[in-house]
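Chemist: what's the 3D shape of this:
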Amino acid sequence: MLRAASKSVAVSLAALTAGASVAAYHDEGTKRAMFFNYHALPALAHYRWTEWRTAGLPEEEQDEALERLHEKYAPVAEKVVRELKGFYIKLGQMGSTRADFIAEPYLKICERLQDDCPNIEFHEVKAIVEKALGCAMGDIFSTFEKEPLGSASIGQTHAARLEESGEEVVVKVQYPWVERLFRSDVATIRFFCKLAQPEHLPFIDEIERAFATEFDYAREAKSMRKVGDNMRKYFSKKVVVPKPLEHLCTKNIIVMEYLHGIKLVDAMRAQWEAIAARHGKTLEELKNSLPDRQSYTGGTGGASVAFWISGKLSYFADVVTNMTIFLINAVKFVPRMLGVNIRYTPHVWQRKLLNPYQLMDTLLEVHGHQVLYDGLFNGDCHPGNILMLDDGRVGLIDYGQIAEISYEDRKKLARLILCLAENDRRNIIEAFRDMGFRTRRNDEEVCYKSAVVFFDRDSRDVTEGMNIQRYLEVLSQRDPVVSFPQAFIMSARTVGLLKGLGTVLGVPVSVASAWRAQAKEVHN
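Modeler: Below you'll find the predicted structure:
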């Protein structure tokens, strides 16, 4: 695992070397690439030398040597990402869902980047807001919190209250420099990809196209409204998309409804910490005691029911405890009436348990509906964009990377999903090729495995025990991809993020199985 992770780390660090070769961009872009290169080259050389030096040693000693390097260079990587911000933060956020192949020290950095990014000072925020709205901040907002609610790759959010209606809102403000530096940063990564991992080029190209649209917040507000309208028709009891106030939205700011809740990852972490404490363990000890969930065994129904039963038992235990407390307090009532200074015993209610299996089912159902029925979906559904709301529903935020897929292409995708759900190998290959997927030598095994990995699951039974990064390299070496149609790249990315969410929640995911019923309706 560590050796596979080290390759991913080394590959990521190698991207730094590409920057100095991107000469087509202005000085600032070149300086950023050189900064990237300056910090990464020594780390990359150290990783390569360590791999060579330990090649003949037992696997345990190799892993220990690599673990020391991870601990040494993870802070360097974080320094580079936080200094350069922008696209590098976006890549880190994407990596936060892949605990199955990113080494722990680097994964912690990626997780922090979900909502703990560098931000700009309030005086800059105020200037951007006032310029965008063409008036003083106080003319629109009665209050505007100086400390941001959160910060991300291209902007940060602040809580505010409207002067006219008193409504609580969130104001999303774009960093003034981020669009200007975007192109050169992507060029650095793309240059490396072309040299070292050409199988990833279609995804880098599509991410570049999608990320470029994030700089128009007025467009994002319209997309948010459309997706929200679609979701309210079918999922109003399960999910919420914030409503934008479009008359206050411009290219640089979005004003939207305030959703009260916490990030999904924070909610899950708090829950697991409580469970660990109940068993007298640390969170790390609890994680290590859990069974390996990488191999998909089909369905989450049984585990979901078990979790539901556990929640009900916890609730009934609370009821029994509080009934006892009620009787104790009843006995205390008479002495208190006679003036005896005796306190009532407070009632105790445990926080309602989140059911990760049920939550994962909801996320799969909602995004399947967006992709297959609506043809309008969020291509950036990473954990930092999912909230657990105070009313029990799920909040879905950030619609900068909205994607569309035509009806004809949805029918083709639905056919592939049905074939994957039935594991119909021959028709999987035929359906994937009908979508336009091609490899250099038309190797049927590579086509079949690629379809499974991109649109269903990448558990270890599929990847032959390898992490997904290494497995894609093996497939590319066997028969490189020459065509992956643009129409399906963002849907494949959404599937990948949903699989990553399954990793975060500890739930094995088969996207094809989850989308089977929806695909059947669309295909027919």
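
Chemist: got the contact list for Asp458?
Modeler: Asp100, Val452, Ile468, Tyr471, Lys499 (Cβ atoms under 8 Å, 6 or more residues apart in numbering). To be clear about C-beta, it is placed using only N, CA and C from the backbone, and glycine gets the same treatment.

Chemist: revised request: answer the last question for Thr157.
Modeler: Counting by Cβ under 8 Å, 6+ apart, Thr157 has contacts Pro148, Leu149, Gly150, Ser151, Val170, Val171, Lys172, Val173.

Chemist: can I get the helix or strand containing it in CSV, CA atoms only?
Modeler: Counting by DSSP states H and E, the element that carries Thr157 is strand 155-162. Extracted C-alpha coordinates of strand 155-162, given in CSV (Å, rounded to 0.1, in the frame of the first residue of the first chain):
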residue,chain,number,x,y,z
GLY,A,155,-13.2,32.0,-3.3
GLN,A,156,-14.5,32.3,0.3
THR,A,157,-17.9,32.6,1.9
HIS,A,158,-19.2,35.0,4.6
ALA,A,159,-22.4,35.0,6.6
ALA,A,160,-24.5,38.1,6.3
ARG,A,161,-28.1,39.5,6.8
LEU,A,162,-30.0,41.5,4.2
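
Chemist: quick one: secondary structure of Met323?
Modeler: helix (DSSP: H, G, I helix; E, B strand; the rest coil).

Chemist: quickly note the distance from it to Glu167.
Modeler: 42 Å (Cβ to Cβ, to the nearest Å).

Chemist: check Phe455 too.
Modeler: 41 Å.

Chemist: neighbour count: those two, which is higher?
Modeler: Phe455 (24 against 13; other Cβ atoms under 10 Å).

Chemist: go ahead and confirm the more buried one touches Leu416.
Modeler: Yes: judged on Cβ atoms under 8 Å, Phe455 makes contact with Leu416 at a distance of 6.0 Å.

Chemist: widest-spaced pair of the contacts of Asp458?
Modeler: Asp100 and Val452 (15.6 Å; Cβ to Cβ).

Chemist: still on that earlier bit, which of the contacts of Thr157 are buried? Put it as a PyMOL command.
Modeler: Under the burial definition 16 or more other Cβ atoms under 10 Å, those of these that qualify are selected in PyMOL by:
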select buried, resi 148+150+151+170+171+172+173
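
Chemist: which of the contacts of Thr157 fall in strands?
Modeler: Applying DSSP state E to these, the entries found in strands are Gly150, Ser151, Val170, Val171, Lys172, Val173.

Chemist: for the last one, give me its contacts.
Modeler: Put plainly, it is Val173. Counting by Cβ under 8 Å, 6+ apart, Val173 touches Ile120, Val125, Ile128, Val129, Gly155, Gln156, Thr157, His158, Asn252, Ile253.

Chemist: beyond whatever helix or strand Cys110 lives in, next helix or strand please.
Modeler: Counting by DSSP H and E, the element that carries Cys110 is helix 104-112. Counting by DSSP H and E, the element after helix 104-112 in chain order, helix or strand, is helix 122-133.

Chemist: can you give me the offset of that next one from its chain's centre?
Modeler: 29 Å (Cα atoms, centre = their mean, to the nearest Å).

Chemist: who does it touch, helix- and strand-wise?
Modeler: The contact analysis (3 or more Cβ pairs under 8 Å, 6 or more residues apart in numbering; DSSP states H and E) places helix 122-133 against helix 137-140, strand 168-174, strand 253-257.

Chemist: all helices of the stretch 301-450 of the chain, in order?
Modeler: Using DSSP state H, counting those that start in this stretch, the helices assigned to the stretch 301-450 of the chain run over residues 301-337, 356-368, 407-421, 425-434, 444-455.

Chemist: thought His158 was touching Glu124, still the case?
Modeler: No: with contact defined as Cβ under 8 Å, Glu124 does not count as touching His158 (11.9 Å).

Chemist: between these two, who's got more neighbours?
Modeler: Set Glu124 next to His158 and count neighbours by other Cβ under 10 Å: His158 wins out with 23 against 13.

Chemist: residues in contact with the more buried one?
Modeler: Counted by Cβ under 8 Å, 6+ apart, His158 has contacts Val125, Phe144, Glu145, Lys146, Glu147, Pro148, Leu149, Val170, Val171, Val173.

Chemist: repeat that with 7 Å
Modeler: Residues in contact with His158 (Cβ atoms under 7 Å, 6 or more residues apart in numbering) are Val125, Phe144, Glu145, Pro148, Leu149, Val171, Val173.

Chemist: give me phi/psi at the second one?
Modeler: Backbone torsions for Phe144, taken as degrees, to the nearest 10, come to phi -150, psi 110.

Chemist: can you tell me how far the residue nearest to it when sequence neighbours are not counted sits from Ala132?
Modeler: Leaving aside its sequence neighbours, Phe144 sits nearest to Ala160 (Cβ to Cβ, 6 or more residues apart in numbering; 4.4 Å). Distance of Ala160 to Ala132, computed by Cβ to Cβ: 13 Å.

Chemist: equivalent analysis for Glu285, please.
Modeler: 49 Å.

Chemist: between the two, who's got more neighbours?
Modeler: Neighbours per residue, other Cβ under 10 Å: of Glu285 and Ala132, the larger number sits with Ala132, 21 against 11.

Chemist: who touches the closest residue to Val255 other than its chain neighbours in this structure?
Modeler: Distances taken as Cβ to Cβ, 6+ apart place Leu248 nearest to Val255, at 3.9 Å, with adjacent residues excluded. Counting by Cβ under 7 Å, 6+ apart, Leu248 touches Leu133, Ile140, Val255.

Chemist: name the member of the residues you listed that has the highest neighbour count.
Modeler: Using other Cβ under 10 Å as the neighbour test, those are led by Val255, with 25 neighbours.

Chemist: who's in contact with it?
Modeler: Contacts for Val255 were tallied using Cβ under 7 Å, 6+ apart; they are Val169, Val171, Leu245, Leu248, Cys249.

Chemist: distance-wise, check the fourth one relative to Leu149.
Modeler: Think Leu248. In this view, Leu248 and Leu149 are 17 Å apart by Cβ to Cβ.

Chemist: and the last one, by the same measure?
Modeler: With distances defined as Cβ to Cβ, the gap from Cys249 to Leu149 amounts to 17 Å.

Chemist: returning to that earlier point: next, the buried residues of the strand holding Thr157.
Modeler: Within strand 155-162, the residues scored as buried using 16+ other Cβ under 10 Å are Gly155, Gln156, Thr157, His158, Ala160, Leu162.

Chemist: doesn't Phe141 make contact with the last one?
Modeler: Okay, so that is Leu162. Yes: using Cβ atoms under 7 Å, Leu162 is in contact with Phe141, at 6.4 Å.

Chemist: can you check the pLDDT for Ile275?
Modeler: Here the pLDDT value assigned to Ile275 is 74.

Chemist: how many neighbours does it have?
Modeler: For Ile275, using other Cβ under 10 Å, the count is 14.

Chemist: about what we covered before: check which residues of the helix holding Cys110 are buried.
Modeler: Pro105, Tyr106, Leu107, Ile109, Cys110, Glu111, Arg112.

Chemist: mind giving me the packing neighbours of it?
Modeler: Packing partners of helix 104-112 (3 or more Cβ pairs under 7 Å, 6 or more residues apart in numbering; DSSP states H and E): helix 59-84, helix 86-95.

Chemist: so what's the closest residue to Val522 other than its chain neighbours up against?
Modeler: Excluding the flanking residues, the one nearest Val522 by Cβ to Cβ, 6+ apart is Ala414, at 4.1 Å. The neighbours of Ala414, taking Cβ under 7 Å, 6+ apart as the test, are Leu372, Ala519, Val522, His523.
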